[in-house]
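> Fold the following and give me the result.
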Amino acid sequence: MLKIHQLFFLNTLALFIGTLVIASIVGYYTLKEMIVNDHINHLKKTLELVATKANQSNTADHYAKSIHNQTDYRTTIFDTEGQVIAESDLDKRAVDPDHNRIEVMHSAIEPYGIAVRYSKTLEEDYIFTAKQIPFGGNIVILRLGVTLDSVMEYFYELWIKLAASFVLFIIIALILAFKISEKAQYDIAQITHYLHEISAKNYMAVLKPQYFREFLQITLLLKNLVKKLRNRDKQKRKYTARLRLINKQQNDVLSAISHEFKNPIAAIVGYTETLEEDPNLNLAIRKKFLGKIHSNAMKISHMLDRLALSVKLENNDLSIKPSYFDLDTLCRDVTCALQAKYPSRTIVYEGESKEVFADKTMIDLVITNLIDNAIKYSENEVSLRICENTVEITDQGIGIAPNELELITSKFYRVQKNSWDNSMGLGLAIVSYVLKLHESYLNITSTLGVGSTFAFSTDTFNQTSSTPHHP
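Numbering: from 1, shown residues only. From the prediction side, this is the model:
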């Protein structure tokens, strides 16, 4: 299959050759007719001129000879009956006695008799022009003739010159067509290279056709297409990265669930097998084991509840139900509950009465999670304080490294990854989600080996509902 620049060159060549052939044929016949007509007109003018000198000759033979000598035309004089009176080139007796010569007959009824025909006498094609003129007191027919070959000889010379001009024009045109073909080939090569680069996802490739506006338009369309492909490829990469992240998160969820559920389940299985294997086990130990089984079952239930809550909050499937309540009373209740849960630990509370408009259950969950988290990651006392517009929970624990501050609110993330507790790393994630629902956020400051402070603002709590009503 031919390339486009080759097709262009061959088509241009065929067009020029076809044009030359057609122009040659049309020009041949047109020019031939023009030259013949030009000689006929010249013969007419010559007849007019020599007719004025008819009375200067004594005989028709002398008159015919003198015209021939002056014009080099074959000159014949006829009477009105068509008989040859005089002939310049032959003996008049050798002239064929044909009375049906067209030019002679037409001269009797028209100003001029004209014919382009074959002469039987000289056996050549002639152009004849005849006219009736007065001579020696009688009307005679003067005829001038010129061979068609002599006329065509001039035509052929002119035609060769024109044909040479045509050929030169064709050569120049073909050179120009070849140059244009090279330029087209260059622009096409640029576009082809650009398409190869795009197929290799090199969207920053440069395309600059230099010669043809059409290729420039194609370039603009290709660049728009590449822009769309680049955006689509970016979206595809983002979507792929998102899928990978989702898969990783799913794997993390399964891994975390498997890890966190392993210990309580193992404890339940161990205590259960001990009870089954020793039916005579001491009653006190049996009660203790049953208590351990119940405790671990409650841990599993608590972890499932937290996991379900985290999923609902992340998927925006949980809506808040705000109401007015005293934040001081809530904090005191939480402190008492956790103090009872951790009797060996010290929880210090400092605050005063403060009425807020928020979801009491969720705020309870936030404060409980923050204190519970502080207790698990510290061995000294934990303090809870209500400032003017802030709730702060401070511990004197291991602290958090600066590079982990942005990670600890992620699901399943814990500072001590090898330790086990029943939170599954969901506590701070749940806290962040709940505060976000209340248009607040968790602010964490920490120093390694000194401790951490977890705080959130209560300024936005009264803005949770657009039309709050005091109970």
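> ok, now which ones touch Leu119?
Rather than Leu, residue 119 is Ser. For Ser119, the contact set (C-beta atoms under 8 Å, 6 or more residues apart in numbering) comprises 125-126, 145. The C-beta positions use only the backbone N, C-alpha and C, and glycine is treated the same way.
> what bits of the stretch 201-350 of the chain have low per-residue confidence?
Where the stretch 201-350 of the chain drops to pLDDT under 70, the residues are 203, 210-216, 246, 249-260, 302-303, 305-318.
> for the biggest helix by length in the chain, the distance to its chain's centre please.
Across the chain, the longest stretch assigned as helix under DSSP state H is helix 213-277. Offset of helix 213-277 from its chain centre (C-alpha atoms, centre = their mean, to the nearest Å): 30 Å.
> And for stretch 38-56?
Between the centre of stretch 38-56 and the centre of its host chain there is 79 Å, according to C-alpha atoms, centre = their mean.
> Quick one: residues in contact with that stretch.
Stretch 38-56 is contacted by residues 63, 66-67, 70-71, 73, 112, 114, 127, 129-131, 133-135, 142, 144, 146, 151 when judged by C-beta under 8 Å, 6+ apart.
> Mind giving me the PyMOL command for buried ones among the residues you listed?
Per 16 or more other C-beta atoms under 10 Å, the buried members of the contacts of stretch 38-56 correspond to this PyMOL selection:
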select buried, resi 63+66+67+71+73+112+114+127+129+130+131+133+135+142+144+146+151
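> Show me the contacts of stretch 38-56 that map onto helices.
Using DSSP H, the contacts of stretch 38-56 in helices are 63, 66-67, 70-71, 151.
> which residues of the stretch 301-450 of the chain fall in strands?
323-326, 347-350, 355-358, 382-386, 390-395, 442-447 (DSSP state E, counting those that start in this stretch).
> how about JSON lines for these, with distance to Thr240 and mean neighbour count added?
Formatted as JSON lines, the strands of the stretch 301-450 of the chain follow (distance: least, C-beta to C-beta, whole Å; neighbours: other C-beta atoms under 10 Å):
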{"stretch": "strand 323-326", "distance to Thr240": "45", "mean neighbour count": "16"}
{"stretch": "strand 347-350", "distance to Thr240": "48", "mean neighbour count": "15"}
{"stretch": "strand 355-358", "distance to Thr240": "40", "mean neighbour count": "20"}
{"stretch": "strand 382-386", "distance to Thr240": "44", "mean neighbour count": "21"}
{"stretch": "strand 390-395", "distance to Thr240": "40", "mean neighbour count": "21"}
{"stretch": "strand 442-447", "distance to Thr240": "31", "mean neighbour count": "15"}
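> To Asn202, which of the ones you listed lies closest?
With distances scored as C-beta to C-beta, the stretch of the strands of the stretch 301-450 of the chain nearest to Asn202 is strand 442-447 (44.4 Å).
> so how far is the closest one off the chain centroid?
50 Å.
> what does it contact?
Contacts for strand 442-447 (C-beta under 8 Å, 6+ apart): 399-400, 405, 408-409, 428, 431-432, 435, 452-457.
> hmm, try it at 7 Å
The contact list for strand 442-447, computed with C-beta atoms under 7 Å, 6 or more residues apart in numbering, reads 399-400, 405, 409, 431-432, 435, 452-456.
> Report the angle between the next helix or strand after it and strand 382-386.
Counting by DSSP states H and E, the element after strand 442-447 in chain order, helix or strand, is strand 451-457. Computed with axes from the mean of the first three to the mean of the last three C-alpha atoms, to 10 degrees, the direction of strand 451-457 lies at 20 degrees from that of strand 382-386.
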